[in-house]
Every structure is written in C-alpha cells, then in structure tokens.
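**Q** Output the structure for:
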Amino acid sequence: MDDEVSEISGFEPELGGALRQNAVYVDETVCIGCGHCAYVARCTFCLEPDYGRARVIAQDGDTEEIIQEAIATCPVDCIAWVNYTELSVLEAARQYQIIGNLGVVGDKTSLMAKKHKF
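**A** Down below sits the predicted model:
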C-alpha cells in the first residue's frame, strides 16, 4: 500500500492537481512537418513516420517552459495547450481526419528510375 501512495504525488490532473492541468495537442491536419517542435522539445514531440507530421509522444517529456518554446517555434500554429480532459476527445476525433502524406508521392523505385533517365 505504501508503494502505491508514493507513486501518487497529488499533482496529477486526474486528481485535480495544478502541476499539469493542460495537455499539449498537435493538429496534424495543419502541421507541415517542419520539425521545429521535435528539435526544441525532443522528449515531448516526434515526427510521425507515416505522414511526416508532428505528434506528442509524452505529455510530461519536457518542462512546460520547453514545451511552450516549442509551441512558439511552430510556423503554422498547429500546437496548442488544451484542457487535459479535452485531450481524449480530440485524439478520438483524429481517427476520422484525413491526413495527407507530406513525403514523396509514389514508391522509391519509380523515383530512382526517373533519376537515372537523365
């Protein structure tokens, strides 16, 4: 029982704590995949490999100050603080979004064939 108590700080948003009342969210339909956020806050953001968009990998990966700096570097303002309770709703809505791939259209074989024709 003592181990369970030591793992709970009382600052968790679920418990009404003030430590992280907000969560960070990336609107992937707006993201251009520049990577600034992932460079600044490496433990919070990454570029998603299938579509090349930024994605949050850990809400508590970096300090709020570093995350805020990463948000400020976004050229298209697709990252925002949202209420922690809204995060699951936004993430559930993501499954219905159509997100285009920012990478090369087609496979690498056709790209290499075009490259060698010149």
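**Q** Distance check, the closest residue to residue 27 other than its chain neighbours against residue 25.
**A** Take residue 27 and drop its neighbours on the chain: the residue closest to it by CB to CB, 6 or more residues apart in numbering is residue 78, 4.5 Å away. (C-beta placed from N, C-alpha, C; glycine too.) When distances are taken as CB to CB, to the nearest Å, residue 78 and residue 25 turn out to be 9 Å apart.
**Q** contacting residues for the residue nearest to residue 27?
**A** Residue 78 makes contact with 26-28, 30-32, 54 under the criterion CB atoms under 8 Å, 6 or more residues apart in numbering.
**Q** Now intersect those with the strands, please.
**A** Helix and strand membership here follows DSSP state E; of the contacts of residue 78, those in strands are 26, 54.
**Q** need the strands for the chain, in chain order.
**A** Counting by DSSP E, the strands of the chain are 22-26, 45-47, 54-56, 79-83.
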